[in-house]
Every structure is written in structure tokens, then in C-alpha cells.
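S.K.: coords please:
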Amino acid sequence: MQNSTADNRRIYLDNAATSWPKPEAVYRAVDDYQRFLGAPAGRSGYAEAIAVSHEVEATRARVARLGGLDEPRHLIFTCNGTDSLNLAIHGLLGEGDHVVTTAIEHNSVLRPLEHLARDGRITVTRVACDGQGFVDPDEVRRALRANTRLVAISHASNVTGAVQPIAEIGRVAREAGALVLCDAAQSLGHMPLDVRELGVDLLAAAGHKGLLGPLGTGVLAIGPRAIGQLDSIRQGGTGTESQLTSQPSESPAMFESGNLNVPGILGLGAGVAFLEERGLDAIELEGRQLTARLLDAFRSVAGLRVLGPPDAQSRVPLVSIALDGYDPQEVALSLDAAHRIQVRAGLHCAPAMHASLGTAESGGTVRFSLGPFTTAADIDAAAEAVAELAATASFDS
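M.R.: Residues are numbered from 1 along each chain as shown. Below you'll find the model as predicted:
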């Protein structure tokens, strides 16, 4: 195998944490804002400020279109995916509400729910997953109660990559009168997604992962069933209705207090434009082909266990492994030190998922996550490097 340290080229396979590299247009959009525009959105009437507001709203429309949201003004810009989920959870739930969630969730869902449940304001039922990380819609149905306000579930696990049957879960929730919050941090931008077809009322995502924007950006799409029920969790200046001491009641101003991260949002717009130009169908197909290549290569490695679905069709472009004889952190450190292959090891902020998979006590897994700039050569280099580590462990034993 060609050692990537020879030219110091990074083989970046940590796109589930944040995508890198970004499209060139993203870098240009951020730089152009900082150098030439430098104005806030929705605050002033001079030429640059008007241009900034226009670009922010164009990005809002672009992201809304990507997710199948009919009304762009119900697409809210946030600080990150965690911020989006907190807005949905804290802005919706009240005293006595019941929530159904699952074992596959990220701490960005688990912790806000735990905070509210600890204070006695809500009750939470957590549905288990199977050995591949899938949630059964019938289990969700059995967990529903008369006072269930919300079903909160990830579209795809950030540990196994398993894509959940969200449309069926959405149908089950609607029949019971509950709203659905979908954490699409690992799916939006990697595959075509339509909130109407999925039956999702609130869809949260980070802007810096599959959408290819900068860090510090996130979105929350609010569907028609939820828009009248969601309250703001921050109040302050919005640039609109400044004569009022109360928060504006219309979206998006109701939820977007304070100055927006304009350079991040314009970079996000450029990232989404790249996705539109390339086509989500093509991105999904290429991601599945490369994921299948990685899965095939890992099957021949002795002492290696792949977590999640056995096929690439049932997952986003993400593969987690456990390697006999190695702590996950050792694997990640060795791959970077010897080959400049960069992955993420540990519990991935999803402790309940690892407890379900039996990987929590051993320190979690090693996660390889692909992006639109991942190549077949990157996949082959990663697989060969892991095989070398496995052979070393076998030799030492």
C-alpha cells in the first residue's frame, strides 16, 4: 500500500463528525462575505445589507427545497444540529407530556429529554433496537400513550449507519396524534429526503455534515402540524417589529433571535448548491458503492466485526468496526500516525446505542464515515491499513 505520509495527504474518513474538505464554493462564499459584504442580515438598508439578506433567504429556500419543505419561512437557522434539536424539544414539550424515543439516539436528543424528565415535567419511553440498529415501528406503536406528544428518532444511526423506517414510524405516530421529530444529522445531504413523504413534523440537521457547510450552522424544518405548537426558547432582537417588547409571533423571526451566523449561512448555501448541481441521487449511489467496497474489504479481515446492516443499501455511508486485540482509540491513533487515515473512535455521543450493541464496555467502535470527496483509493488504503493492524494483533497473540 502506498503510505499516505509520503505526501502528507490526509485520508479523511470522519465526515459523520464534520465534512471535509468542503466544495471550493463554500470557501469562496465565506471569504467573500468577510472581505466584501460584512453586513448583518435583516438589520439595515444599505446595498451590502440588502445583498446579505437576499442571500440568506436564498439559502433558506434552497435548504427547504432540499428537504421537501413547502414553506421556506418555516426553515429555521440555528447554531448546529444540537441547537435545532433543543429548539424542537424545549419549544414543544410541556408539563405532563410523554415522549417516545429510541436506543439509537445521539446525546443531543437523550440529554434534553433527560433534563426535562429529571425535573418531572415529562415522561420518556425509550424503544430498543435490534442487533443491526433498526427500530421496529410496532415497538414504537406499543410504546405510545394517550398523552404522547412526540416521537423523537434519528433517520440514520451515527454508529451503525442503519436507515430507519421513518415513513412507517411517522404513520404510526400520526394515527396516535403525536408529532415526529427526526434527527437527520447523518442523512440530509447524503440521500434524497422529503419531509412530506416521511411524515415528519420537525426535521433537525447540522449544516456542517452532509450539507457541506461550515461549523456553527444548523437547520430545523417545521412542518404544518408543528408550526403553531412550537414556542421560541430564545427571545431578543430580530430586526423586525422592533417596537414590540414581546417576541414576534411569525416564523422565522420568532425563532431566530440575535444576529445570524451570516458567513456560515452563505457557506451553507454554497454547499447545498453543490449538492443540487451534483444531484442527491448520484451522491447516494456513489456513497453506497464506496460503502459496499469497504464492507467487502472488511469481510476478509480476521478478528474484525462490522456493526450494523450487512449491506450498503440499508445504511448511510458509514461503517463502524470492532477489532480483536485493540482498544478502539488505539486503532484510530495508529491509523492516523502510520497512514494519515483519520477516523473517529469511541462512543460517538450515543451511549445507549453502544449499550445495545454490546460495545460500550470495550470503549465503543471505530467509525469510518465517507463524504462526497472520498475516493475508491481512500477506501482501499483504509481497508489495507486495518488488515495490517489485524495481522499484527494475530501475530502478537
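
S.K.: how many neighbours does the closest residue to Q229 other than its chain neighbours have?
M.R.: Closest residue to Q229 apart from its sequence neighbours, by C-beta to C-beta, 6 or more residues apart in numbering: L92 at 6.1 Å. Any C-beta I mention is one placed from the backbone N, CA and C, and that applies to glycine too. Residues lying near L92 (other C-beta atoms under 10 Å) number 22.

S.K.: who are the neighbours in contact with L92?
M.R.: 149-150, 179, 181, 202, 226, 229-231 (C-beta atoms under 8 Å, 6 or more residues apart in numbering).

S.K.: which of those residues are buried?
M.R.: 149-150, 179, 181, 202, 226, 230 (16 or more other C-beta atoms under 10 Å).

S.K.: I'd like to know which of the residues you listed is nearest to S369.
M.R.: Nearest to S369 out of the buried ones among the contacts of L92 is L181 (C-beta to C-beta; 22.9 Å).

S.K.: so where do the helices sit in the stretch 251-397 of the chain?
M.R.: 262-278, 280-299, 328-339, 351-357, 376-396 (DSSP state H, counting those that start in this stretch).

S.K.: which of the ones you listed sits most buried?
M.R.: Most buried of the helices of the stretch 251-397 of the chain, by mean neighbour count (mean count of other C-beta atoms under 10 Å): helix 262-278, with a mean of 23.

S.K.: how big is the angle separating it from helix 280-299?
M.R.: Here the directions of helix 262-278 and helix 280-299 differ by 90 degrees (axes from the mean of the first three to the mean of the last three C-alpha atoms, to 10 degrees).

S.K.: for the protein, name the helix or strand with the lowest mean pLDDT.
M.R.: When the helices and strands of the chain are scored by mean pLDDT, DSSP states H and E, helix 376-396 comes last with a mean of 89.

S.K.: tell me what that one is packed against?
M.R.: strand 11-12, helix 280-299, strand 318-323, helix 328-339, strand 341-342 (3 or more C-beta pairs under 8 Å, 6 or more residues apart in numbering; DSSP states H and E).

S.K.: what's it in contact with?
M.R.: With C-beta under 8 Å, 6+ apart, helix 376-396 has contacts from 1-2, 4, 11, 13, 290, 293-294, 297-298, 300-304, 321, 323-326, 331, 334-335, 338-339, 341, 343, 368, 370.

S.K.: name the nearest residue to M353, ignoring sequence neighbours.
M.R.: V159 (4.6 Å).

S.K.: circling back to that earlier point, so which of the contacts of L92 belong to helices?
M.R.: Within the contacts of L92, membership in helices is found for A226, as judged by DSSP state H.

S.K.: out of the helices of the stretch 251-397 of the chain, nearest to E250?
M.R.: helix 262-278 (19.4 Å).

S.K.: what about that closest one, distance to the chain center?
M.R.: 16 Å (C-alpha atoms, centre = their mean, to the nearest Å).

S.K.: go on, stretch 181-201?
M.R.: 10 Å.

S.K.: from here on, call the first residue 763.
M.R.: In the new count, where the first residue is 763, that last one comes out as stretch 943-963.

S.K.: please work out the average pLDDT along it.
M.R.: Mean pLDDT, computed over stretch 943-963, is 97.

S.K.: how about stretch 995-1010?
M.R.: 88.

S.K.: against G1049, how distant is the nearest residue to A940 once chain neighbours are set aside?
M.R.: Once flanking residues are discounted, A940 sits nearest to T910: 4.6 Å by C-beta to C-beta, 6+ apart. T910 sits 34 Å away from G1049, going by C-beta to C-beta, to the nearest Å.

S.K.: just the CA atoms of the helix or strand containing S870, as PDB, please.
M.R.: Per DSSP states H and E, S870 falls inside helix 869-880. Output of helix 869-880 as PDB, limited to C-alpha atoms (Å, rounded to 0.1, in the frame of the first residue of the first chain):
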ATOM      1  CA  ASN A 869     -27.000  12.700  23.300                       C
ATOM      2  CA  SER A 870     -28.400  15.800  21.500                       C
ATOM      3  CA  VAL A 871     -31.800  14.000  21.900                       C
ATOM      4  CA  LEU A 872     -31.100  11.900  25.000                       C
ATOM      5  CA  ARG A 873     -29.800  14.800  27.200                       C
ATOM      6  CA  PRO A 874     -32.600  17.400  26.600                       C
ATOM      7  CA  LEU A 875     -35.200  14.700  27.300                       C
ATOM      8  CA  GLU A 876     -33.400  13.500  30.400                       C
ATOM      9  CA  HIS A 877     -33.200  17.100  31.600                       C
ATOM     10  CA  LEU A 878     -37.000  17.600  31.300                       C
ATOM     11  CA  ALA A 879     -37.700  14.100  32.700                       C
ATOM     12  CA  ARG A 880     -35.400  14.700  35.700                       C
END
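
S.K.: list the helices and strands it packs on?
M.R.: helix 843-854, strand 859-864, strand 884-889, strand 910-916, strand 941-945, helix 1113-1119.

S.K.: how near is the residue nearest to Q991 to G1026?
M.R.: From L854 to G1026 the distance is 25 Å (C-beta to C-beta).

S.K.: one more: T1154?
M.R.: For T1154 relative to G1026 (C-beta to C-beta), the value is 42 Å.

S.K.: as JSON lines, the contacts of L854 with distance to S870 would be great.
M.R.: Supplementary listing: those in JSON lines, determined by distance: C-beta to C-beta, whole Å:
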{"residue": "R911", "distance to S870": "19"}
{"residue": "L912", "distance to S870": "15"}
{"residue": "L941", "distance to S870": "18"}
{"residue": "L943", "distance to S870": "11"}
{"residue": "L964", "distance to S870": "13"}
{"residue": "A988", "distance to S870": "18"}
{"residue": "Q991", "distance to S870": "21"}
{"residue": "L992", "distance to S870": "17"}
{"residue": "D993", "distance to S870": "19"}
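
S.K.: which pair in the contacts of L854 spans the largest distance?
M.R.: L943 and D993 (14.6 Å).

S.K.: was I right to think A1035 contacts R824?
M.R.: Yes. At 6.7 Å, A1035 counts as touching R824 under the criterion of C-beta atoms under 8 Å.

S.K.: if we can go back for a sec, of the helices and strands packed on helix 1138-1158, which approaches A803 most closely?
M.R.: Closest among these, using C-beta to C-beta: helix 1042-1061, at 27.0 Å.
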